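Participant: Here's my sequence, what's the structure:
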Amino acid sequence: MQSPCINPCNTLRTLHQQSIPILTHHHHHSLSSSSLTFFSPRKSSYPRVWCSFDGNRRSPNRERSGEKNAGNGGERMKVKVKGKENVWSVDNEVAESDRERLGKKRGKKRVKKKKSQGGRVLVSGPMLMEVETVLQTQEPVIRPVWNTFASSVSGIWKGVGAVFSPITAEMEPIDIGKKNENLFDCYTLSHIEAVPSPSGGQTSQIIRRVNWVTLNPSGESRQSKEIGGTMKNHMLPKFESFDFEKSDLMEDDVMGMEPGLVFFEDGSYSRGPVDIPVVEANESNYYLSPTLKFEQCLVKGCHKRLRIVHTIEFSNGGSDIQIMRVAVYEEEWASPANLPDNSDLHFDLKPFSQRTRVKPSDLTGSWKVFEVSATPIYDDESLMEEINGNGMPYVYLCTEILKKTNLPENPGYFGEEEMLDMGDVTILWLPGGITAYVDVNNDGILCIGVGWYSDEGVNLVMERDYGVDGKLKEVRSKSEVKRRWAD
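Facilitator: Next up is the predicted model:
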């Protein structure tokens, strides 16, 4: 099976086919999608969020009002927004200009959204950030060793997973049950092992085989039932109650020294294409819509990790970006890959539907940030020869700063009869301390990012940047520690 992150789906689609929601990579329907259009968009039945790849250019459809269509029981809309700065930018001047810009009165279209449960903050604009002090300027670091990385990711991992709407950040069905009911949560059992390369090279390959079971027809709603005259919360089946040897195969994947893979020795990585197809759209190629996957993995304490997979469609020669799906998996290491998991240790990861969502206020305040960045080298022909066997050549740099983060001016509250400016939607605030975002700054840089916050005051971040030419510019791994002491 081909890698889910690197290979685009180069299938030629008709306009009618583009109106059908994309399935997951294992044929499970996604209910909504979000799009960013950088040049002139064409009509589509998907809900879209429009913005310009060029910060000073506007879409020709910018003055159209929002559209709604209840064709499939879902809400469809079309709204327009401006390009925004990356969520975690470390540019003081940009942060200041964002603050001034957000303070001005804007004449954007507003779209009424459906009510969410509990009035929670599900989406918001970018956090406002300013650099307080540069503790260490950029310095080169040694490139991570592949064998160490392969050893870190190998093993048997138990996990939970869910899919979220790129528009509202609400949970979406991940599967259809035997009674034709929607199921929102899943348990996963991953077997990951490094094996010798079939070509006989020095670099091994990482084989990943994932089995899963799906459950929970209620989503995030707190289903209750009466037992003995008292109301008790509905309890989901435990991980141990399922036989994964008889469960369905969710994924069978091979990962090697791919040009677009940036990895670190603790097992964290960012995986995706080196080039996003960007060509001038015309009558001969307007229907070409490659769909790419961007998988980013964060590691906490070597034994827990978070994987987020963004599935994004690029159409109109790469000028239209449509976020099709956001899948989230949290996994816990159980045993080595060559040994069966016979331990009696309790699996303590809760399904995502049973967790509280991270709040914007959790990420405000002063932070000490340690960042390692990887920049690909395209100019040097001698280094480019490394791609054949040793992956893309990258330069690794590290830096350390103190930063201060403030709340966005306009957080999105999906309350009843409340009006939401979709121009401010950037961050999805997900259960379990997770944030996900796809954003475009004023220079046209596309940023695909994920964050993982814990109650200990640590926020792990992985970001992937692409330039206006579609080439990978930089990958950043950050460890942010909240300053809890007084100045």
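Participant: quick one: average pLDDT of the strand or helix carrying C398?
Facilitator: Using DSSP states H and E, the element containing C398 is strand 394-406. For strand 394-406, mean pLDDT is 95.
Participant: Paired strands for that strand, with orientation please.
Facilitator: Strand pairing for strand 394-406, determined by DSSP bridges: strand 128-140 (antiparallel), strand 365-376 (antiparallel).
Participant: Return the most buried member of those.
Facilitator: Comparing those by mean neighbour count (mean count of other C-beta atoms under 10 Å), strand 365-376 comes out on top with a mean of 18. The C-beta positions use only the backbone N, C-alpha and C, and glycine is treated the same way.
Participant: now what about that one, what contacts it?
Facilitator: Here strand 365-376 makes contact (C-beta atoms under 8 Å, 6 or more residues apart in numbering) with 90, 132, 135, 138, 141, 262, 264, 274, 392-405, 459, 471-483.
Participant: what bridges to C398?
Facilitator: Bridge pairing for C398 - DSSP bridges - gives E139, V372.
Participant: Let me see the contact set for it.
Facilitator: Contacts for C398 (C-beta under 8 Å, 6+ apart) come out as Q136, Q138, E139, V141, F370, E371, V372, S373.
Participant: Run a quick check on the first one versus L397, I expect a contact.
Facilitator: No: with contact taken as C-beta atoms under 8 Å, Q136 and L397 are classed as non-touching, separated by 10.6 Å.
Participant: Quick one: the helices in the protein, in order.
Facilitator: Taking DSSP state H, the helices of the chain run over residues 15-18, 92-103, 146-153, 381-384, 387-390.
Participant: worst average pLDDT in the ones you listed?
Facilitator: Lowest mean pLDDT of the helices of the chain: helix 15-18, a mean of 38.
Participant: L306 and V450 touch, don't they?
Facilitator: Yes: L306 is in contact with V450 according to C-beta under 8 Å; the separation is 7.4 Å.
Participant: joint contacts of those two?
Facilitator: With C-beta under 8 Å, 6+ apart as the test, L306 and V450 both reach L298, I434.
Participant: more neighbours, the two?
Facilitator: V450 (28 against 23; other C-beta atoms under 10 Å).
Participant: Would you check how far apart that one and C186 are?
Facilitator: Using C-beta to C-beta, to the nearest Å, V450 is found at 19 Å from C186.
Participant: got a list of what F352 touches?
Facilitator: V160, G161, A162, M171, D185, V328, E330, L430, P431, G432.
Participant: Could you identify the most distant pair in these?
Facilitator: Farthest apart among the contacts of F352 by C-beta to C-beta are M171 and E330. That separation is 14.3 Å.
Participant: And the strands paired with strand 394-406: which comes nearest P290?
Facilitator: Comparing these by C-beta to C-beta, strand 365-376 comes nearest, at 20.0 Å.
Participant: Now that closest one: average pLDDT?
Facilitator: The model assigns strand 365-376 a mean pLDDT of 95.
Participant: now swap in stretch 201-218 and tell me
Facilitator: Stretch 201-218 shows a mean pLDDT of 91.
Participant: got the buried residues for that stretch?
Facilitator: Residues of stretch 201-218 classed as buried: 203-208, 210-218 (neighbour count, 16 or more other C-beta atoms under 10 Å).
Participant: residues near the closest residue to R305 other than its chain neighbours, how many?
Facilitator: In this structure, R305 finds its nearest non-sequential neighbour in V299, 4.7 Å apart by C-beta to C-beta, 6 or more residues apart in numbering. Neighbour count for V299, taken as other C-beta under 10 Å: 22.
Participant: so how far is D362 from V299?
Facilitator: Per C-beta to C-beta, V299 is found 20 Å from D362.
Participant: swap in L215?
Facilitator: To D362, L215 is 28 Å away according to C-beta to C-beta.
Participant: And for K304?
Facilitator: 19 Å.
Participant: and what of Q205?
Facilitator: Distance of Q205 to D362, computed by C-beta to C-beta: 39 Å.
Participant: now do E220
Facilitator: 19 Å.
Participant: More neighbours: those two, which one.
Facilitator: Neighbours were counted for E220 and for D362 using other C-beta under 10 Å; E220 has more, 21 against 17.
Participant: Not counting its neighbours along the chain, what's nearest that one?
Facilitator: Nearest residue to E220, sequence neighbours excluded (C-beta to C-beta, 6+ apart): S353, at 4.9 Å.
Participant: how deep is the one you found tucked in, by neighbour count?
Facilitator: Applying other C-beta under 10 Å, I find that S353 has 20 neighbouring residues.
Participant: quick one: contacts for it?
Facilitator: Applying C-beta under 8 Å, 6+ apart, we find S353 in contact with A162, M171, F184, D185, N216, S218, G219, E220, L236, P431.
Participant: one step back: quick check on the contacts of strand 365-376: which are buried?
Facilitator: By 16+ other C-beta under 10 Å, the contacts of strand 365-376 give 90, 262, 264, 274, 392-394, 396-397, 399-401, 403, 405, 459, 472, 474-480, 482 as buried.
Participant: so where's the stretch 51-200 of the chain uncertain?
Facilitator: Residue ranges of the stretch 51-200 of the chain with pLDDT under 70: 51-121.
Participant: could you pull out the strands for it?
Facilitator: For the stretch 51-200 of the chain, the strands defined by DSSP state E, counting those that start in this stretch cover 78-80, 111-112, 121-124, 128-140, 155-164, 171-172, 175-176, 182-183, 185-195.
Participant: Could I get those strands in JSON lines, plus columns for distance to G444?
Facilitator: Shown next, in JSON lines, are the strands of the stretch 51-200 of the chain (distance: least, C-beta to C-beta, whole Å):
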{"stretch": "strand 78-80", "distance to G444": "16"}
{"stretch": "strand 111-112", "distance to G444": "25"}
{"stretch": "strand 121-124", "distance to G444": "23"}
{"stretch": "strand 128-140", "distance to G444": "20"}
{"stretch": "strand 155-164", "distance to G444": "26"}
{"stretch": "strand 171-172", "distance to G444": "30"}
{"stretch": "strand 175-176", "distance to G444": "38"}
{"stretch": "strand 182-183", "distance to G444": "38"}
{"stretch": "strand 185-195", "distance to G444": "37"}
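Participant: wait, which of these is closest to N282?
Facilitator: That would be strand 78-80 among these, by C-beta to C-beta, at 23.6 Å.
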